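Chemist: Give me a model of this one.
(one chain, ligands or ions: 1)
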Amino acid sequence: MIKVTSPDLMKINNKKQILEIIYSEKNIYRAQICEMTNMSNQTITNLVKELLNEGIVKEVTLENKSKGRNPMALSIDNENICAVGVEISVEKISVGLFDVDGNMLNDKSHIRHNDTENVLDIVKELLEQVISNALTKKILGIGISIEGIVDSLSGKVIKSKSLGLDGINILSELEYLGIPVLIKNDVDMLAETDYGKELLNNYMLIKLDSGIGAALVLDGSLLKSSHTVGEFGHVKIHSIKAPKQCKCGQCGCLTTEASISAIEKKTDLSFESFVEQYKLGDSNIRNIIENVSRYICEPLINIITLLDLERVILTGKLVNALGDEFIDSIKEYIDKSLNSFSSYKGLKVLNDVNVINRCASYVVYDYFLNWKENQGNFPTKI
Ligand SMILES: [Zn+2]
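Modeler: The predicted structure is shown next:
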């Protein structure tokens, strides 16, 4: 590992600060940057020169009505830089190359047919193909979303469903590409890339899928822990009449009643069939789904009250497939159970999310705007 000395760190921080200003302001003159920072003219001139040479920043001429020679303004060189997004899920592996504005330049996907494939080899192969299409563009980083528990700081996968990646350090495995890598659990990635649209401080994102997972953003930051934060599937539901044994060793966990796998077992039908029967109005299936809504809402209402959540965001295959009626029943249950002084603003649904686009956008956000949070880690290396 390269040892970063304090003058180096100061230089990196100054450079990042300049980049943040240029990215936020779109077009800006050097003199304005000088006014906005504590840096000297000479420092700004030197660091901007480096950024120009690296192809991250370009000089632009702005229309100026004053006579005489106008100074060159600075802006981000959008045509010259890009970011990569990667989705590693039980169903598919997708890799995409995006420009700074989120437009897709190139993508490759692999649909998983069995659990014996080497996921890491497929990820590397798709990444190499997509990266080769970046040609001379500078790649800011690779953002990876993975279904499973992952230590984002070290890059090690702790537990990964049927992906066969348990114990593997993705950051070390991809080091040979020479591009900074940022890896997050899939639910965390969705929660963290839902910022900005509403300026919310406290919210929870729940994924209802073959399993159940959640992510909490509190006071504007994702709640992190090395173990079970967000394991919403393993909260206990005491109103279950005959609690079933869960994989975690306990009985009566939410996931044993409300996940797709649990509903498949209970109805003895495939996912597609129980969704079809639900839509046709089968009373038995309707009852089961009604209980699913109730089981989800029981702990959820307490979490909303305890943490004064402003929103709950629902996503996942179950939410997409069952649609409005299912969502409305959850909405109704929450609305009637909350007290009048709650900050809660309502339920939001995320359907058909473009995960690789979100991963790439997160890289851009992290590179230009979130660098103070990541000192010593991704992506201060510029
Ligand atoms: Zn459990």
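Chemist: Is Arg286 in contact with Tyr278, as I believe?
Modeler: Yes: Arg286 is within contact range of Tyr278, at 6.5 Å (criterion: Cβ atoms under 8 Å). C-beta here means a position set from N, CA and C on the backbone, and glycine is covered the same way.
Chemist: Lys58 is in what secondary structure piece?
Modeler: Secondary structure assignment for Lys58, by DSSP states H and E: strand 57-60.
Chemist: Give the pairing partners of that strand; include direction for each.
Modeler: Applying DSSP bridges to the sheet, strand 57-60 is found paired with strand 73-76 (antiparallel).
Chemist: Could you identify the helix or strand that succeeds the strand it pairs with?
Modeler: Using DSSP H and E, the helix or strand that follows strand 73-76 in sequence is strand 81-88.
Chemist: and the nearest residue to Val235 once chain neighbours are set aside, what does it touch?
Modeler: Spatial nearest neighbour of Val235, excluding adjacent residues (Cβ to Cβ, 6 or more residues apart in numbering): Pro299 at 4.5 Å. When contacts are counted by Cβ atoms under 8 Å, 6 or more residues apart in numbering, Pro299 touches Phe232, Val235, Ile237, Leu254.
Chemist: And the helices in the stretch 151-300 of the chain?
Modeler: 170-173, 186-192, 255-258, 260-267, 271-280, 283-307 (DSSP state H, counting those that start in this stretch).
Chemist: If you count contacts, what does the first one end up packed against?
Modeler: So the one you mean is helix 170-173. The contact analysis (3 or more Cβ pairs under 8 Å, 6 or more residues apart in numbering; DSSP states H and E) places helix 170-173 against helix 119-132, strand 156-159, strand 181-185.
Chemist: could I get the ones you listed as TSV with mean neighbour count?
Modeler: Listed next are these as TSV, based on neighbours: other Cβ atoms under 10 Å:
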stretch	mean neighbour count
helix 119-132	17
strand 156-159	17
strand 181-185	24
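Chemist: State the distance from the residue nearest to Val235 to Ala262.
Modeler: 16 Å (Cβ to Cβ, to the nearest Å).
Chemist: Just give the nearest non-adjacent residue to the residue in the stretch 51-200 of the chain positioned nearest to the ion, would you?
Modeler: Using Cβ to the ion, Lys159 is the residue of the stretch 51-200 of the chain that sits closest to the ion, at 13.1 Å. Leaving out its chain neighbours, the residue that sits closest to Lys159 by Cβ to Cβ, 6+ apart is Ile149, at 4.5 Å.
Chemist: Was I right to think the one you found contacts Lys156?
Modeler: No: between Ile149 and Lys156 there is no contact under Cβ under 8 Å: 9.8 Å.
Chemist: Point to the residue nearest the middle of this structure.
Modeler: For the chain, the residue sitting closest to the mean C-alpha position, by Cα atoms, centre = their mean, is Met189 at 1.6 Å.
Chemist: Give the closest residue to that one in space, chain neighbours not counted.
Modeler: Met189 sits nearest to Ser145 (Cβ to Cβ, 6+ apart), 4.1 Å away.
Chemist: helix or strand for that neighbour, which one?
Modeler: strand 138-146.
Chemist: ok, that strand: who's next to it in the sheet?
Modeler: Here strand 138-146 has these sheet partners by DSSP bridges: strand 81-88 (parallel), strand 181-185 (parallel).
Chemist: in stretch 143-152, what counts as buried?
Modeler: By 16 or more other Cβ atoms under 10 Å, the buried positions in stretch 143-152 come out as Gly143, Ile144, Ser145, Ile146, Glu147, Gly148, Ile149, Val150, Asp151, Ser152.
Chemist: okay, now Ala242: neighbour count?
Modeler: 6 (other Cβ atoms under 10 Å).
Chemist: how close does it get to Cys251?
Modeler: Here Ala242 is placed at a distance of 10 Å from Cys251 (Cβ to Cβ).
Chemist: and this structure, which residues reach the ion?
Modeler: Counting by Cβ under 5 Å from the ion, the residues of the chain close to the ion are His234, Cys246, Cys248, Gln250, Cys253.
Chemist: List the residues that contact the closest residue to the last one other than its chain neighbours.
Modeler: Across the structure, with Cβ to Cβ, 6+ apart as the measure, the residue nearest Cys253 apart from its sequence neighbours is Cys246 (4.0 Å). By Cβ under 8 Å, 6+ apart, the contact list for Cys246 reads His234, Gly252, Cys253, Thr255, Thr256.
Chemist: let's go with 10 Å and repeat that
Modeler: Counting by Cβ atoms under 10 Å, 6 or more residues apart in numbering, Cys246 touches Gly233, His234, Lys236, Gly252, Cys253, Leu254, Thr255, Thr256, Glu257, Ala262.
Chemist: what do you get for Lys108?
Modeler: 93-97, 122, 125-130, 133, 356.
Chemist: so which residue of the stretch 251-382 of the chain comes closest to the ion?
Modeler: Taking Cβ to the ion, the stretch 251-382 of the chain has Cys253 as its residue nearest the ion, at 3.2 Å.
Chemist: How many residues are close by that residue?
Modeler: 26.
Chemist: Hmm, it is touching Ala262, no?
Modeler: Yes: shown here, Cys253 and Ala262 form a contact pair, counting by Cβ atoms under 10 Å, at 9.5 Å.
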